[in-house]
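Colleague: Predicted model, plus sequence, below.
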Amino acid sequence: MLELVAVVAVVWCAHAVFGWHWRIAPRLAAAAPGAALDDCVVAVVPARNEADELPRTLGALLAQDESLHVILVDDHSTDGTSEVARRIAAEQGALARLSVVAAAPLPSGWTGKVWAQHQGVTAAIARGAAWVWLTDADIHHAPGVLARLLATARREERDLVSVMARLRCATVVEKLLIPAFTYFFATLYSFRGTGHDRSRTAGAAGGCVLLRTTLLERIGGMAAIRDAVIDDCSLARACKDAGGRLWLGYDAGVDSTRGYPSLAAVWDMVARSAYTQLRLNPLIVAGCVLGLGFVFLVPLAAIAAGSAPARLLGLVAYAAMVQTYLPMVRWLGCAPGWALALPLSATLYAAMTVSSAWRHHRGAGAAWKGRAYGRAGDAGSIPS
């Protein structure tokens, strides 16, 4: 026990001192006050039954700039999504800057969201867009977000700029699991590595992606990722492989309005794609679960049942662990005490990962917004 906890303590202390992914950085660059858009930007919003979310998000999107055109792709909604969108735009006097596109039937080999984006991107390019802003119907953009996206793209000379939205943390389940979701995402898709041109790491957060049209055309448009389950990171991978320069970070003005109030809701969200993130490889899943248990549970075991030296090392490891998690907990508006729950959160995510693999190997289909799909990992299986 003493040797094991000593190793974990060294790992956590080194991570707390030299690690980078847990820091809330980088952040979007500031934009000059009142700066006008020099290039044509068209926002593309895929929307399937989003009538409840649009009143909280679409108005803010249209208010970003008087020259911004928004293309909303209504993906066979049954709740009046198109009508709600037009009403919001009319109330803002921005009806001329909103186009509502009725999505064509989903073809074989495409995931739902990517197919909707493809139709929106095609329309955006037809409008002469120099930049396409991919965003979601449940993302609220505070004033100035678009200006900061463009300022970052120009200052950093980037072709793709993406922001990890702040996810909602209102319920007990959300406070327990949502900060850990972003914490682990930043571990899998290093923000710093994404921004290094020589690094193989490529990540993006699909709720907010500003993409240069020339790069999008170079990769063959959204068809390049037509069957992607994890569409945002697949897009980042295709862009980086094509020589695009990427930026992934944070901004206090990009917030998700969608909630995951129950354990089942978070579980399904994670289980839909966790196995795909681990390359559909059972050995990687086993290594992931063992690794999570080693780094997150060994310190607690040492504190609970170890010798005096082991307990001390366990406390050191646990303190370093909490230190790396606390910035994310605070960033998402949770009380600092929730950082103490990271071992429990990690255990639940390990279980969700195993569940994702189990669903895949059972051949169980996935359901999302009224659509049933084939086995996870199959082409067109899960729209994100």
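Modeller: Happy to help now that I have it.

Colleague: remind me which residues of this protein are low pLDDT?
Modeller: Within the chain, the ranges that satisfy pLDDT under 70 run 35-36, 364-384.

Colleague: where exactly do the helices run in it?
Modeller: With helices called from DSSP state H, the chain shows them at 2-18, 54-62, 81-91, 112-126, 145-155, 172-188, 191-195, 213-218, 231-241, 263-271, 274-277, 282-305, 308-331, 342-362.

Colleague: Which elements pack onto the third one?
Modeller: In terms of contacts (3 or more Cβ pairs under 8 Å, 6 or more residues apart in numbering; DSSP states H and E), helix 81-91 is packed against helix 54-62, strand 69-74, strand 98-102. For the C-beta atoms, the positions are set from N, CA and C on the backbone; glycine is no exception.

Colleague: Pick the most buried one from those.
Modeller: Highest mean neighbour count among the helices and strands packed on helix 81-91 (mean count of other Cβ atoms under 10 Å): strand 69-74, with a mean of 24.

Colleague: I'd like the helices of the chain as a markdown table, with distance to H69 appended.
Modeller: Shown next, in a markdown table, are those (distance: least, Cβ to Cβ, whole Å):
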| stretch | distance to H69 |
| --- | --- |
| helix 2-18 | 44 |
| helix 54-62 | 9 |
| helix 81-91 | 11 |
| helix 112-126 | 8 |
| helix 145-155 | 12 |
| helix 172-188 | 30 |
| helix 191-195 | 28 |
| helix 213-218 | 13 |
| helix 231-241 | 21 |
| helix 263-271 | 31 |
| helix 274-277 | 33 |
| helix 282-305 | 43 |
| helix 308-331 | 32 |
| helix 342-362 | 38 |
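
Colleague: looking at those, which is closest to G34?
Modeller: Comparing these by their distance to G34 (Cβ to Cβ), the top pick is helix 145-155, with 9.0 Å.

Colleague: Determine the set of other helices and strands touching the closest one.
Modeller: strand 131-135, strand 160-163, strand 208-212, strand 246-249.

Colleague: 6 Å instead?
Modeller: Helices and strands touching helix 145-155, by 3 or more Cβ pairs under 6 Å, 6 or more residues apart in numbering; DSSP states H and E, are strand 160-163.

Colleague: can you list contacts of the strand it packs on?
Modeller: With Cβ atoms under 6 Å, 6 or more residues apart in numbering as the test, strand 160-163 has contacts from 149, 152-153, 204-205, 208-211, 239, 244, 246-248, 251, 254.

Colleague: Lovely, talk soon.
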